[in-house]
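Asker: With the sequence up front, the predicted model follows.
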Amino acid sequence: MPALSPTMTEGNIATWKVKEGDSFVAGDVLLEIETDKAQMDVEAQDDGVLAKILQGDGSKAVQVGTRIAVTAEPGDDLSTLEIPADNSKPSQPEASKEASKSESAPAPKKDTPASSSKPASSGASKSPAGKAQKQTYPLYPSVQHLLKQNGLPKEEADKIPATGPNGRLLKGDVLAYLGKINESAGSEVAARLKQLSHLDLSNIKPMAQKPKPAPEKAAAIPEEVLEELDIEVALPISLKAVTEVQQRVQKSIGVFLPLSTFIARAAELANEDLPRSQVAKPSADELFNAVLGLDKVGGKYSRGDFVPQVTALPPTTLSPRIPARKPDVLDFLAGKKAAAPKAPVGGAAQVVGPLNVFSVSVPKGDERRGRVFLERVKSVLEAEPGRLVV
């Protein structure tokens, strides 16, 4: 009966999932065990054959460590196997202690009866760096596995010299107690771990701080780069006529045309037949026309691709001009001074319509091409914006 928890002392066998004579592989569920807390499955650790079931379905209060079945190696002839006698008596702690020392229960193999094994140094030697003491802490899972694998009860842990922190029993202590490793191996590992747990900072020196480099001055822009920068050409254009056309269209047909539509259509017209660029490289078609002599016919103009940038300016207010009064001849002869002109009654300041600055960026040398484009846009928007509606 396996111990499925640290506090388990007995359990009930609910049902066997494998019958006598059936083969199983590692990971198969062999049986279900019930405890006062839960119901758990017991899985096979290795491949084998279930030779004999000693505790059947429904067995109650089966003590931990009691033999409940016997397994064999795959391919063994079950008819010739000898099942070893069960000398364990879990109900008597002292008898269990002696029996567990004198017997281990490996799976019987073909033509080889199970033999008992004894720990090589069961309680006979102690590790010089540790001492045997009662284990108040729960045992590590690796320690529990070694005790169970070698048939030692948990009470035997109190007799094994412990080298772990605060007197805890380690896996190496159990292996040294069983004679599977050198007796001093546990103490050597413990000493090394204690040494590695403290960092030796005696040879560490603070790193010298490097002086911060002085901030580099902004490099001057080479003249070649300045020559390649684009030049901005700007021209103020009034949109008063455009807004009037916009209002008339909306009142007459109920369609609102945004200002962007007027500007886009004016730019489309202004890009037609612009003076040829002075810096643009000729295309393959232009080179071919030059070879044929066709560049002389209409070769001075080309279509542009300018898109104007618009910057809005607030409307300006202009005071009405008052015409100067001509001096009277009689007043001049009589020695009278000319009176200052008076402002007309009811005169109002003149408000100039919305004024905007249209600009385009052109390469150096193409200022004339950009200026012609803006003048065309200005002419269309200020003089004849109605043609942009159709």
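Answerer: Structure's in. What do you need? Residues are numbered from 1 along each chain as shown.
Asker: Run a quick neighbour tally on residue 369.
Answerer: Residue 369: 22 surrounding residues under other Cβ atoms under 10 Å. For glycine as for every other residue, the C-beta is placed from the backbone atoms N, C-alpha and C.
Asker: Verify the stated contact: it with residue 271.
Answerer: No - counting by Cβ atoms under 8 Å, residue 271 is not a contact partner of residue 369; they are 10.4 Å apart.
Asker: how about the strands in the stretch 251-390 of the chain?
Answerer: Assigned by DSSP state E, counting those that start in this stretch, the stretch 251-390 of the chain shows strands spanning 274-275, 301-302, 309-313, 317-318, 350-351, 355-362.
Asker: Quickly find the element holding residue 189.
Answerer: Taking DSSP states H and E as the definition, residue 189 sits inside helix 185-196.
Asker: Name the residues that touch stretch 365-385?
Answerer: Applying Cβ atoms under 8 Å, 6 or more residues apart in numbering, the contact partners of stretch 365-385 are 231, 233-235, 237-242, 245, 262-263, 266-267, 269-271, 274-279, 304, 306, 308, 358-362, 387-388.
Asker: one more time with 6 Å, if that's ok
Answerer: Contacting residues not belonging to stretch 365-385 are listed as 233, 235, 237-238, 241-242, 245, 266, 270, 274-275, 277-279, 304, 306, 358, 360, 362 [Cβ atoms under 6 Å, 6 or more residues apart in numbering].
Asker: how about that stretch: buried residues?
Answerer: For stretch 365-385, a neighbour-count test (16 or more other Cβ atoms under 10 Å) marks 366, 369-374, 376-378, 380-381, 385 as buried.
Asker: for stretch 63-71, same thing?
Answerer: Buried residues in stretch 63-71, defined by neighbour count with 16+ other Cβ under 10 Å: 64-71.
Asker: re earlier: what's the least confident stretch among the strands of the stretch 251-390 of the chain?
Answerer: Least confident of those, judged by mean pLDDT, is strand 350-351 with a mean of 46.
Asker: which residues pair with residue 237 across the strands?
Answerer: On the basis of DSSP bridges, residue 237 is bridged to residue 356.
Asker: pretty sure it is touching residue 357, no?
Answerer: No - Residue 237 lies out of contact with residue 357 (Cβ atoms under 6 Å); the separation is 7.6 Å.
Asker: who's more crowded, the two?
Answerer: Taking other Cβ under 10 Å, residue 237 and residue 357 do not tie; residue 237 has more neighbours (23 against 15).
Asker: Contacts only, for that one.
Answerer: 356, 358, 378, 381.
Asker: now with 10 Å?
Answerer: 263, 266, 308, 310, 354-358, 374-375, 377-382 (Cβ atoms under 10 Å, 6 or more residues apart in numbering).
Asker: what do you get for residue 44?
Answerer: Contacts of residue 44 by Cβ under 10 Å, 6+ apart are 18, 24-30, 50, 71.
Asker: As CSV, those with pLDDT would be great.
Answerer: Formatted as CSV, the contacts of residue 44 follow (pLDDT from 0 to 100):
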residue, pLDDT
18, 87
24, 88
25, 87
26, 84
27, 84
28, 88
29, 87
30, 87
50, 86
71, 89
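Asker: which residues in the stretch 201-350 of the chain form helices?
Answerer: With helices called from DSSP state H, counting those that start in this stretch, the stretch 201-350 of the chain shows them at 223-228, 240-253, 259-270, 284-292, 329-334.
Asker: Pick the most buried one from these.
Answerer: Among the helices of the stretch 201-350 of the chain, the stretch with the highest mean neighbour count (mean count of other Cβ atoms under 10 Å) is helix 259-270, at a mean of 17.
Asker: Do me a favour and average the pLDDT over that one.
Answerer: 88.
Asker: cool, and stretch 383-390?
Answerer: 82.
Asker: Quick one: low-confidence residue ranges for the stretch 51-200 of the chain.
Answerer: Residues of the stretch 51-200 of the chain meeting the criterion pLDDT under 70: 87-129, 186, 200.
Asker: do that again at 50, thanks
Answerer: For the stretch 51-200 of the chain, the stretches with pLDDT under 50 are 91-128.
Asker: Show me where the stretch 1-150 of the chain has its helices.
Answerer: 93-102, 141-149.
Asker: packing partners for the helix holding residue 189?
Answerer: Helix 185-196 is packed against strand 161-162, helix 171-177, with contacts defined by 3 or more Cβ pairs under 10 Å, 6 or more residues apart in numbering; DSSP states H and E.
Asker: As TSV, the ones you listed with distance to residue 185 would be great.
Answerer: Formatted as TSV, the helices and strands packed on helix 185-196 follow (distance: least, Cβ to Cβ, whole Å):
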stretch	distance to residue 185
strand 161-162	12
helix 171-177	6
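Asker: Would you mind giving these as a markdown table with distance to residue 5 and mean neighbour count added?
Answerer: A markdown table is the format used below for the helices and strands packed on helix 185-196 (distance: least, Cβ to Cβ, whole Å; neighbours: other Cβ atoms under 10 Å):
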| stretch | distance to residue 5 | mean neighbour count |
| --- | --- | --- |
| strand 161-162 | 23 | 24 |
| helix 171-177 | 20 | 24 |
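Asker: so which of those gets nearest residue 214?
Answerer: With Cβ to Cβ as the criterion, residue 214 lies closest to helix 171-177 of the helices and strands packed on helix 185-196, at 61.0 Å.
Asker: tell me, which helix in the protein spans the most residues?
Answerer: helix 367-383 (DSSP state H).
Asker: the inter-axis angle of that helix versus strand 355-362?
Answerer: 150 degrees (axes from the mean of the first three to the mean of the last three Cα atoms, to 10 degrees).
Asker: got a list of what residue 37 touches?
Answerer: 4-5, 7-8.
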